[in-house]
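J.: Let me see the structure of the following:
(chains A, B and C)
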Amino acid sequence: MRTELAVVPTARTSSANRAPERRGVRGRTTLTILGALTAAVVAVFLFTDLTGNTAFILERRLTTVATMVVVATAIAICTVLFHAITGNQILTPSVMGFDSLFVLLQTVAAITIGVRWMTATGPVLGFAIETAVMLVVTLPAARWLLLGGRRSIEVVVLIGVVAGGLFRSVGMFLQRIMDPTQFIVLQDRFFARFTGTEPALIATGAVVVALGVVWVVRHHAALDVMALGVPVATTLGVDHRRLSTAALTVVIVLVSTSTALVGPTTFLGLLVAHLAYRAAGTHRHAVTVPAATLVAVITLVGGQLVLERVLGFSGSLSIVVEFAGGLVFLLLFLRRGAR
Amino acid sequence: MISVQHVTTSYGRTVVVDDVSLTIADGGVTALVGPNGAGKSTLLKVIARLLQADAGVVTVADLDVARTAPEVLARRLAVLAQDTQVPVRLTVRDLVTFGRFPHTRGRPTAEDHALVEEAMAHLDITDLADRYLDEISGGQRQRAFIAMVFAQDTDHLLLDEPLNNLDMRHGAQLMQIVRDAADRRGTSIVLVVHDINAASVFADHIIALKDGRVVTQGPPQEVMVEDVLESVFDVPVRVVEVDGYRHAIHLSGRLARPRTG
Amino acid sequence: MSVSAPARTPATTGRAPRRAWLIVAIVGLVLLTAASVMVGVADQDWQILTTSRLPRTAAVMLAGASLAVAGLIMQLLTRNPFVEPATAGTMEFAGLGLVLVMLTLPGAPIWLRMLAGTAAALAGSAVFLRLISRLSRGDILGVPLVGLVLGGVVGAASTFLAYRNDLVQSLNAWLTGDFSAVISGRYELLWLSGVATVVAVVVADRFTIASLGHEVATNLGLDHRRAMALGMTIVSVISASTVVTVGMLPFIGLVVPNLVTRIVGGHARRALPWVLVLGAGATLLCDLVARTLRYPYELPIGLVVGVAGGLVFLVMLLRGFDRAH
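T.: Below you'll find the predicted structure:
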């Protein structure tokens, strides 16, 4: 028996050695195709049907595309990171009610600080304050809920879904008892809207998201290991707790950014992350994060293009994304159950 | 060398490891044995820095496991936890390649890939290299994980109940591989086992724990004694010798039915 | 993860003290009813009383009691403590049915809308049961999760249709429960829900037996499929009539039966009096809060129920978890 198990000559080494390279090629091909597709969709969105006041229309469309790119990147990064942190691909920050909480904080801020002061100081300061509060509130809670112990995934998701509903109810409750003039200012924030975002806020969001991208680029290899779970990550020398706390911080800031820009989007992240995993065929964050980002841009810009110009439905993109994303969630969950 | 000094660990109010001090010399296979709840897995987890001790210091190769940077320690110490479930859908080769992460920080060279292939060949799973972990059997998955920690190429290796989920043949194969790693590579291996006879046959040194304390330790012929084992496991035991190794039997006919036997 | 299923909690208290407590609860309900009738902006007079106050109190009690019963039936039939019309997509399906009938037949009479809502709720129940049959048996929390997301998807479909056809306002009226528009002549459909509740009380034993599982039910000579169909029809009628008249009221059907089964156990016949009394009482209480918090203005009761019920449910989830470990 001892001989049978002794070091066997590595007969398959030559053919096997090629496999990692082949896989790297697949990732690159996927990203190239997605990149080309993204460029095409954005170009069609920007430059077709340009009649009338071209400069004005182009500017408006550029604002929309900029918003969508920033939001797409934010949502893609925070969803993929969240999957790595929790070791589960059903959870997303939105499913866990993070963006509902942010909207609630916006409502509370409007009531306590006052809408007048917020409009006077501009949206950027308000965003900074709200994000800081969001971080203080959510980070300990999320660490307790997600990293605290052996909670079953269903408990965590159900708590998240119910908490999200609760945050929405409390938010609506507060709006009902607040001043009607203040209410009008907030009203827009409760549905995701991808047009008409404030340019200063888009720029701020772009900077924040760029910082997030830099963080992911610097840590992508360690994130690959973190996704293997606490025991394996620890033996491979990755401090799971520290890295996941840092990643959670990035997630919370990016959720705040995307929600501040366009409002809550419950299932968009889930939809694009899973489309990206399918397309990329790998777990490596160096591929999945950019792939999810590109898929998100294609979904948002392409979806807006189809709804607005082909079907003539403007403003309903978030509802359609919600519908499709919810279906994806059901499909994933039930397939997992059947297995 | 692994040194454990005055380590105490508790879950809530239950003290699981109670002021344990011991040293494990370099080289060879050391087995931690004891009844359920003796604290052997917990002690292993503390050594592996998977669990933080309430008090006490653990050093591996003179590195304090609680204070050393994780990536430094990961080049000296590998651990295979009991639970071999990975939340990500990976192929066997992906997993084994991660064993090189502490050395490469995610940029494996041709040399690293060669080490990965060698580790898979050593565990006889080269045929499974491109299969996904959720498509192979529990025993095959266990071997994939062992290939990963072999590829990690550390001088210390901790295994938490590696015989779980393995049938007789695969269990014996695994112990053989462990023995081989200690003999040929000089790796110091510490493992938790339930099967005291596996410890007797394959280990150089046995440490018996009970109620969170070290009851006795020594080479197998000193620990594999009826009185000692009965005091550790609280069950009547007979020790017999087969092919020069001692085996404990606790389900013998004489013990079960003393009158008719 | 083992959260206690309703049918498993043993009755801890004796029969006599339980009856005494039930009487206390009924007295409490009577007091709440009186308070509900008394509170209001306008002066008390006979006409206000008969056209507004009494109908409103009746509507609140009918909706609360019947939703609580619907929750209990669903929990027994799905053998899952977290299922109710609002966590199974039933209410959202009823809403979708209403949107569809308003799109195709804009002037449809209320009975036709009711019929469409009930039919859609029934279809929704069938979809839900089919989906959860694919989950593994021990997956207690996956079931409401599927229901909640299913509800979200159906809700998004309704919102899309409503958005395209300027029906958002009607849709919002169904989304958030509100009793402020209840006057005599505009709530009577809720009596249908009351009738369904009475039917449920009469056939309660079948649901208890069905909760023991297909095998046991068959062994005891019960047609499991028919019990299932009957139960889901009752639930659908209750959901649809509530959504049509006052809008969605989440959590009542979840929190009330769970509290009751924790105290008296899951035997439907023993639990039902409690479920009826506490369902009506809790809803009356929420309605009073909604009417008095910003007096003389009113909040929609759906919000009060959403906040209070959400909190109680979260506590139940966390406690259930801690007990399991």
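J.: all contacts plus neighbour counts: C-alpha atoms, from now on.
T.: Will do.
J.: so how far is chain A from B:D204?
T.: Using Cα to the nearest Cα, to the nearest Å, one obtains 18 Å as the distance from B:D204 to chain A.
J.: Next one, pLDDT for that residue please.
T.: Note for B:D204: predicted pLDDT of 92.
J.: In space, what's closest to it - neighbours in sequence excluded?
T.: B:V29 (5.3 Å; Cα to Cα, 6 or more residues apart in numbering or on different chains).
J.: doesn't B:V201 make contact with that neighbour?
T.: No. Between B:V29 and B:V201 there is no contact under Cα atoms under 8 Å: 10.7 Å.
J.: So between the two, which is more surrounded?
T.: B:V29 (26 against 15; other Cα atoms under 10 Å in any protein chain shown).
J.: Tell me what the more buried one is bridged to.
T.: For B:V29, the beta-bridge partners under DSSP bridges are B:I189.
J.: quick one, strands of the stretch 151-300 of chain C?
T.: Using DSSP state E, counting those that start in this stretch, the stretch 151-300 of chain C contains no strands.
J.: Of all residues in the stretch 151-300 of chain A, which one is closest to chain B?
T.: Nearest to chain B, among the residues of the stretch 151-300 of chain A, is A:G237, at 4.0 Å (Cα to the nearest Cα).
J.: tell me the SS of that residue?
T.: Secondary structure, DSSP: H, G, I helix; E, B strand; the rest coil: A:G237 is coil.
J.: and it, how many neighbours does it have?
T.: A:G237: 25 neighbours (other Cα under 10 Å).
J.: That one reaches B:H103, doesn't it?
T.: No. Look at A:G237 against B:H103 with Cα under 8 Å: they stay out of range, at 9.7 Å.
J.: list residues touching both of these two?
T.: B:R75 (Cα atoms under 8 Å, 6 or more residues apart in numbering or on different chains).
J.: Summarise which helices and strands the one helix or strand B:A199 maps to is packed against.
T.: Counting by DSSP states H and E, the element that carries B:A199 is helix B:196-202. On a contact count with 3 or more Cα pairs under 8 Å, 6 or more residues apart in numbering or on different chains; DSSP states H and E, helix B:196-202 meets strand B:29-33, helix B:168-180, helix B:220-223, strand B:245-249.
J.: Where does pLDDT dip in the stretch 51-200 of chain A?
T.: A:114-121, A:148-151, A:154, A:178-193, A:195-196 (pLDDT under 70).
J.: residue boundaries of the helices in the stretch 1-150 of chain B?
T.: B:40-47, B:70-73, B:92-98, B:101-104, B:110-122, B:138-152 (DSSP state H, counting those that start in this stretch).
J.: nearest to A:Q304, of those?
T.: For A:Q304, the closest of these is helix B:92-98, at 38.5 Å, according to Cα to Cα.
J.: how distant is the closest one from the center of its chain?
T.: Relative to the centre of its chain, helix B:92-98 is centred 21 Å away, using Cα atoms, centre = their mean, to the nearest Å.
J.: circling back: winner for burial among the helices and strands packed on helix B:196-202?
T.: strand B:29-33 (a mean of 26; mean count of other Cα atoms under 10 Å in any protein chain shown).
J.: got the CA coordinates for that one in CSV?
T.: Written as CSV, here are the backbone C-alpha positions of strand B:29-33 (Å, rounded to 0.1, in the frame of the first residue of the first chain):
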residue,chain,number,x,y,z
VAL,B,29,3.1,12.5,14.3
THR,B,30,1.4,13.6,17.5
ALA,B,31,-2.2,12.4,18.2
LEU,B,32,-4.6,14.2,20.5
VAL,B,33,-7.0,11.7,21.9
